[in-house]
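Trainee: I need the structure of the sequence given here:
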Amino acid sequence: MDLIRLKNVSKRYKNGVTAIYDLNLSIKKGSFAFVIGGSGSGKSTFIKMLYREEKPTTGSIIVGGVNVAKLRNKKVYKLRRKLGIVFQDYRLLPKLNVYENVAFAMEVIGAKKDETRRKVLKALELVGLKNKIHNYPDQLSGGEQQRVAIARAIVNEPKLLLCDEPTGNLDPDRSIEIVKVLEEINKTCGTTVIMATHDKEIVNKMKKQVIVLKDGRLVKQQERGTYDEAF
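Mentor: Residues are numbered from 1 along each chain as shown. Got it, this is the predicted structure:
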């Protein structure tokens, strides 16, 4: 069953730059897919269109049965409550500890305290940080901060986790750790994971689904591929 379907999607920015050309692809529920390509290939634009940070110029983008391309601005928050999003920069709140940073995502949707506690501890256990709940961001390594960001993204048990260059600020060892965490979430929770990356080593090591973009066009989609095979 397809969770995501893009049909004839193009994205042209106001400055005249076209980032995506006539993109057609589908991603099945429960997949783990890497979106790869060089700088300017359209990876980030693709991810941003999935959570409606950007609207396509033409075409339809179906996410969980909803055409997000036609979603009204005032309804976008409903879409994002069903998604988890992880960025390259961790975007943690410096004055909140680990537990509070993750719990914040539950508080904004009005969750009850007992539900929040249960889900926060479960998310932190999944990312291996249950022993650091009282630490503040500046007391954590970069890899640990990104794990907190992932816990915050999955605490509401989304069906889809979007990751835009989540290992971009990390060294190779920490990068592999983060992707292993994402793989565990994919396997344990059945969460569909889509990760934009330019990290060749990670893609080659994990051998997941690969979506290759070049100059805004889809050039290859493989069920189990590597970076080297893609280019």
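Trainee: And the host helix or strand of N204, what does it pack against?
Mentor: Using DSSP states H and E, N204 maps to helix 200-206. Other helices and strands packing on helix 200-206, by 3 or more CB pairs under 8 Å, 6 or more residues apart in numbering; DSSP states H and E, are strand 32-36, helix 172-189, helix 227-230. Every residue, glycine included, has its C-beta placed from N, CA and C.
Trainee: Show me where the chain has its helices.
Mentor: Here the chain has its helices, by DSSP state H, at 43-50, 76-80, 98-107, 113-126, 142-154, 172-189, 200-206, 227-230.
Trainee: and of those, who's closest to K214?
Mentor: helix 227-230 (9.5 Å; CB to CB).
Trainee: L121: neighbour count?
Mentor: 17 (other CB atoms under 10 Å).
Trainee: pretty sure it is touching V127, no?
Mentor: No: if you go by CB atoms under 8 Å, L121 and V127 don't touch, sitting 11.3 Å apart.
Trainee: Distance of the residue nearest to G37 when sequence neighbours are not counted relative to T226?
Mentor: When the adjacent residues along the chain are set aside, G37 lies closest to L213, with 3.9 Å between them (CB to CB, 6 or more residues apart in numbering). L213 sits 16 Å away from T226, going by CB to CB, to the nearest Å.
Trainee: And E165, by the same measure?
Mentor: Distance from E165 to T226, by CB to CB: 19 Å.
Trainee: Could you do G42 as well?
Mentor: 20 Å.
Trainee: Neighbour count for the two, which is higher?
Mentor: Set G42 next to T226 and count neighbours by other CB under 10 Å: G42 wins out with 23 against 18.
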